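Trainee: Any chance you can model this:
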Amino acid sequence: MTEQYVMGLREVDQTRAAVVGGKGAQLGALSRIEGIRVPAGFCVTTDAYRRVVAEAPSMADPLDRLARLDPGDREAVRTLSAEIRRTVEGIAIPGDLAAAITRGLARLGERAAYAVRSSATAEDMPAASFAGQQDTYLNVVGPEAVLRHVSRCWASLFTERAVAYRLRNGFDHRKVHMAVVVQRMVFPDAAGVLFTADPVTGDRKVATVDAGFGLGEAVVSGLVNPDVFKVRDGEVVAEAIAVKRRAVHALPAGGTREVAVDPRRQEQPALTQAQVVRLVRLGRRIEAHFGRPQDIEWCLVGDDFQIVQSRPITTLFPVPAAPDRENRVYLSVGHQQMMTDPMKPLGVSMWQLTALVPMHEAGGRLFVDVTPRLASPASRAGLLETAGRSDPLTRDALETVLERRGFVPELPDGGPGGPGG
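Mentor: Numbers count the residues shown, from 1 in each chain. Next up, the predicted model:
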């Protein structure tokens, strides 16, 4: 019976998110991808969290009050969430549950160092990542310390950030549960974040790598300005090497601390260009597996990349599905009609069935592919003139795209000049 409280990473995948949370499910899926290395570990399941919370009847009233809070009332959110965290951390872990966790540690090395990481059921989703909302503890050494930090991860479901985020996004506090991932600690030479689509421009063909020395906490927490590399088609097309004065390193007895980077290394790149290209190649493999652009946390140990997290990039506006990876230019039908809100499915279907040109849906909005008309000089001028009469800003945007040499293929004057599709 107690074994339901602990599951190895290789036992789970995305179908088990309700049991091991978003992070645990993603890590389990990552560990199954050929060529992707994930630190060994296990998940303390949501069943364990539910059991512990059920043994604290004093939780009922604070959770009721939490649901009624205004997310803008920061003082009330701060006070009540702190009260709930104290309650959760004060609950003793039942003996059989503690034994199940300790057995998991024994299989991996009881005296090894571990990362103890929160994994809520409402995180790392396509529309809501909850990134950074709950807590992670690095370089935790010894069974007693691991058990203590498991409790802290359960409690971190009620950090002020997480509570406010759930209130703003309409998540029921009672329906969100916490699992905990326990993984062998990685001691990297460099670490950071890989975005398989450019998070600023939304360009799906350009990957962005942020890199710093030591543990990735220095990059994700904003302690340092990282090196930034842009990669397109297997080649580094831009790089900005930062002065990295600080890093986060593990302490021998457990825990971490900020340290000063040797002045002789501060302006050296954290990764070589060859390593950057190899990392992006791994990222493309992960992206293909999950079927959407990914925000990936990575570590470099020696010359070996290990992946410690991957989640969907939730800030990218969706693009219409296309049969290839060629560049395309779409015009928003809704903007031309001054209807910028998403449409209902019935409205989308009606327009697609009755329009004279093919209409492509993304994000509840309709678009027309004007790439063929822009590619042909014979039809380009007419499109620009029509767009300019409807909305001068649209014409300006099309002209900006045309200025990007090679983005739209140039067709002979006799090329297709229809409305596009």
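
Trainee: Give me the phi and psi angles of residue 41.
Mentor: In terms of degrees, to the nearest 10, the main-chain angles of residue 41 are phi -180, psi -170.

Trainee: pretty sure it contacts residue 180?
Mentor: No - between residue 41 and residue 180 there is no contact under Cβ atoms under 8 Å: 10.2 Å. Yep, even glycine has a C-beta here, placed from its N, CA and C like the rest.

Trainee: Go ahead and measure how far the host helix or strand of residue 308 is from the middle of the chain.
Mentor: Using DSSP states H and E, residue 308 maps to strand 304-312. Centroid separation for strand 304-312 versus its chain: 10 Å, with Cα atoms, centre = their mean, to the nearest Å.

Trainee: now stretch 33-44
Mentor: Relative to the centre of its chain, stretch 33-44 is centred 17 Å away, using Cα atoms, centre = their mean.

Trainee: Same drill for residue 41 and residue 180, tell me which one is more crowded.
Mentor: Applying other Cβ atoms under 10 Å to residue 41 and residue 180 shows that residue 180 carries more neighbours, namely 33 against 24.

Trainee: Tell me the spacing between the more buried one and residue 332.
Mentor: Residue 180 is 44 Å from residue 332, where distance means Cβ to Cβ, to the nearest Å.

Trainee: and if you look at residue 149?
Mentor: 48 Å.

Trainee: got it, and residue 342?
Mentor: As judged by Cβ to Cβ, residue 342 and residue 332 stand 12 Å apart.

Trainee: Run through the protein and note the low-pLDDT ranges.
Mentor: The model of the chain has pLDDT under 70 over residues 1-3, 122-133, 412-421.

Trainee: From residue 376, how far out is the residue most central in space within it?
Mentor: By Cα atoms, centre = their mean, the mean C-alpha position of the chain lies nearest to residue 311, the distance being 3.3 Å. Note on residue 311: its distance to residue 376, by Cβ to Cβ, is 41 Å.

Trainee: what does residue 81 give?
Mentor: For residue 81 relative to residue 376 (Cβ to Cβ), the value is 59 Å.

Trainee: Also residue 310?
Mentor: For residue 310, the distance to residue 376 - Cβ to Cβ - is 41 Å.

Trainee: can you check residue 406 too?
Mentor: Residue 406 is 16 Å from residue 376, by Cβ to Cβ.

Trainee: and what of residue 367?
Mentor: Distance, residue 367 to residue 376, using Cβ to Cβ: 19 Å.

Trainee: same question, residue 364
Mentor: Counting by Cβ to Cβ - residue 364 and residue 376 are separated by 31 Å.

Trainee: now residue 321
Mentor: Using Cβ to Cβ, we find residue 321 at a distance of 24 Å from residue 376.

Trainee: who's more crowded, these two?
Mentor: Neighbours were counted for residue 321 and for residue 376 using other Cβ under 10 Å; residue 376 has more, 23 against 8.

Trainee: hmm, back to that, can you pull the buried residues of the strand holding residue 308?
Mentor: Of the residues in strand 304-312, 305, 306, 307, 308, 309, 310, 311, 312 count as buried by neighbour count, 16 or more other Cβ atoms under 10 Å.
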